[in-house]
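Novice: I need the structure of the sequence given here:
(3 chains)
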Amino acid sequence: MVCASEFNTGQDAQLAHLAFFSCYNASMYTLKVRSRAREELVEFTDQVQEKLADSGEREGLVFLYVQHTTAGLTVNENADPDVPRDMLHAFRTLIPQHGMGFRHGEENSDAHIKATLVGSSVTVPFKDGKLLLGRWQGIFLCEFDGGRERQVIMMLR
Amino acid sequence: MVCASEFNTGQDAQLAHLAFFSCYNASMYTLKVRSRAREELVEFTDQVQEKLADSGEREGLVFLYVQHTTAGLTVNENADPDVPRDMLHAFRTLIPQHGMGFRHGEENSDAHIKATLVGSSVTVPFKDGKLLLGRWQGIFLCEFDGGRERQVIMMLR
Amino acid sequence: MVCASEFNTGQDAQLAHLAFFSCYNASMYTLKVRSRAREELVEFTDQVQEKLADSGEREGLVFLYVQHTTAGLTVNENADPDVPRDMLHAFRTLIPQHGMGFRHGEENSDAHIKATLVGSSVTVPFKDGKLLLGRWQGIFLCEFDGGRERQVIMMLR
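Specialist: Numbers count the residues shown, from 1 in each chain, chains lettered A, B, ... in the order given. Below you'll find the predicted structure:
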């Protein structure tokens, strides 16, 4: 986080040090995450860690936000690819694309619902410039209506 | 975000400029969102954008928090009303009010569960004083045990 | 939040008050939350409120993050123990440990999926040093593969 300062350096500046500060966080990024299938969990932890390193920030929160209504974000296991596979399988079983009587004409109501269940944002703390992820944790885009390029806003706080 | 400053303007102020700053965010609001049915997705994006404009803040995060246990918050499509309709239909199919063997006496366990699945908060980034929502995104209160007036805390960071 | 300041007190310091500020939040804690059963909602609101009191912070956001992939965090009712019981019952009904054709070898895919549905973090606003929880709200660790000691990062912003 950076605080820019503007000093009133008028005629009595030496005696009356009036200061106006505006604190802001200069670190905002737009990440691109590419999915290849209609439903896919795409890990992009490395991209987040790289931008965090670029920022020079040492401690705080990484906030990620997906600007789409048929994709979400989550933190989960990144070691065994069967975990994301099983997750998508369970979501598909509970909320199939067809057969639940959906009315929305684009045949992707299931994707909208899964996006809300997973959520449009994740927040991860960091310290000493490193994401404080647990040993098995990775950050995933949850694609429910791909393959597409998706846009994720990243802010540091 | 605002930084208030207090300068030590003691006798050697011209030489020793000791400064104590406290950075705080003055922008906190309580929003009222009214639902009319037991289950309803009520969009309140405009109310959030208005408070954001009032705040004068240019860049950061809008954090929204619902102070209830049978309602949640989500970001999803606000163009076709069939999307919220299909979502509530799917939730009702998966977790019906009756028939799952719930014990909680108020007959609203389904509402508590849906609230946890959706989540009690959403965070949306903003820039140049505007919410960075995707083209089809709106902010919704997810009512699962209404109609009622619900209270949402809004903070800027 | 604290702003540390470094003044350039070079030879023209009385005239040119160049200031470099770095704003940071010193309040970060690691909480331990113990579960006793495979599936359990463990309330730890008091632990969060205690750390918040220790911090001396008056207004902002408490951010909580679980560093595990088979446990989550939620805010829900803490008055009637039948609410958490019904919630775990519904999750178990929808996503049973066995019988959905999961491939992940550790027999805990259900726990990974529930963790993503609930989410790995919660954020709660506070004012005058007190969590702005609604009347019936408590903060819970959602254990889906216990009993274990779980680690929760707490940051104030």
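Novice: Now do the helices in chain A.
Specialist: A:45-55, A:82-94, A:109-118 (DSSP state H).
Novice: closest one to chain C among the ones you listed?
Specialist: helix A:82-94 (3.9 Å; C-beta to the nearest C-beta). Bear in mind the C-beta positions are built from the backbone N, C-alpha and C, glycine included.
Novice: need the strands for chain A, in chain order.
Specialist: Using DSSP state E, the strands found in chain A span residues A:2-7, A:19-24, A:28-34, A:40-43, A:60-66, A:71-77, A:121-127, A:130-131, A:137-143, A:149-156.
Novice: Just the residues contacting the third one, thanks.
Specialist: If I follow you right, that is strand A:28-34. Contacts to strand A:28-34, defined as C-beta atoms under 8 Å, 6 or more residues apart in numbering or on different chains, come from residues A:42, A:44, A:47-48, A:51, A:64, A:141, A:147-156, B:59, B:125, B:127.
Novice: Of these, grab the buried ones for PyMOL.
Specialist: The following PyMOL line selects those of those that are buried, judged by 16 or more other C-beta atoms under 10 Å in any protein chain shown:
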select buried, (chain A and resi 42+44+47+48+51+64+141+150+151+152+153+154+155+156) or (chain B and resi 59+125)
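Novice: Can you tell me who A:Leu64 pairs with across the strands?
Specialist: Here A:Leu64 sits in beta bridges with A:Val122, A:Met154, going by DSSP bridges.
Novice: Do you know the pLDDT at it?
Specialist: In the predicted model, A:Leu64 carries a pLDDT score of 98.
Novice: Was I right to think it contacts A:Gln151?
Specialist: No. Counting by C-beta atoms under 8 Å, A:Gln151 is not a contact partner of A:Leu64; they are 11.0 Å apart.
Novice: just checking, which of the helices of chain A sits deepest inside the structure?
Specialist: With neighbours defined as mean count of other C-beta atoms under 10 Å in any protein chain shown, the helices of chain A peak in mean count at helix A:109-118, which reaches a mean of 27.
Novice: can I get the helices of chain A in TSV with mean pLDDT and distance to B:Arg34?
Specialist: Formatted as TSV, the helices of chain A follow (pLDDT from 0 to 100; distance: least, C-beta to C-beta, whole Å):
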stretch	mean pLDDT	distance to B:Arg34
helix A:45-55	97	38
helix A:82-94	98	31
helix A:109-118	98	21
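Novice: Would you mind giving the ones you listed as TSV with distance to B:Thr93 added?
Specialist: Shown next, in TSV, are the helices of chain A (distance: least, C-beta to C-beta, whole Å):
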stretch	distance to B:Thr93
helix A:45-55	34
helix A:82-94	9
helix A:109-118	11
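Novice: got those helices as a markdown table, with distance to chain B columns?
Specialist: Shown next, in a markdown table, are these (distance: least, C-beta to the nearest C-beta, whole Å):
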| stretch | distance to chain B |
| --- | --- |
| helix A:45-55 | 14 |
| helix A:82-94 | 6 |
| helix A:109-118 | 4 |
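Novice: show me the contacts for A:Leu88.
Specialist: Counting by C-beta under 8 Å, 6+ apart, the residues that A:Leu88 touches are A:Glu39, A:Glu40, A:Leu41.
Novice: Kindly apply the preceding question to A:Ser120 instead.
Specialist: A:Tyr65, A:Val66, A:Gly72, A:Leu73, B:Thr74, B:Val75, B:Val122, B:Gln137.
Novice: Run a quick neighbour tally on the first one.
Specialist: Think A:Tyr65. When counting by other C-beta atoms under 10 Å in any protein chain shown, one arrives at 24 neighbours for A:Tyr65.
Novice: Kindly report the same for the fourth one.
Specialist: Summarising burial for A:Leu73: neighbours were counted as other C-beta under 10 Å, giving 24.
Novice: With the third one instead?
Specialist: Counted with other C-beta under 10 Å, the burial measure for A:Gly72 works out to 25 neighbours.
Novice: Then the fifth one?
Specialist: For B:Thr74, the count of nearby residues is 23 (other C-beta under 10 Å).
Novice: Next one: it from chain A, what distance?
Specialist: Separation of B:Thr74 from chain A (C-beta to the nearest C-beta, to the nearest Å): 5 Å.
Novice: Please give me every residue in contact with that residue.
Specialist: Counting by C-beta under 8 Å, 6+ apart, B:Thr74 touches A:Thr116, A:Gly119, A:Ser120, B:Leu41, B:Val118, B:Gly119, B:Val122, B:Ile139, B:Phe140, B:Cys142.
Novice: what's the most distant pair in those?
Specialist: For these, the maximum inter-member distance is 15.2 Å, found between A:Gly119 and B:Leu41 (C-beta to C-beta).
Novice: Pick out whichever of the two has more residues nearby.
Specialist: A:Gly119 (27 against 23).
Novice: List the residues that contact A:Gly105.
Specialist: Per C-beta under 8 Å, 6+ apart, neighbours of A:Gly105: B:Asp80, B:Asp82.
Novice: wait, A:Val118
Specialist: If you count contacts by C-beta under 8 Å, 6+ apart, then A:Val118 has A:Gly72, A:Leu73, A:Thr74, A:Cys142, C:Thr116, C:Leu117 around it.
Novice: Cheers, nothing more for now.
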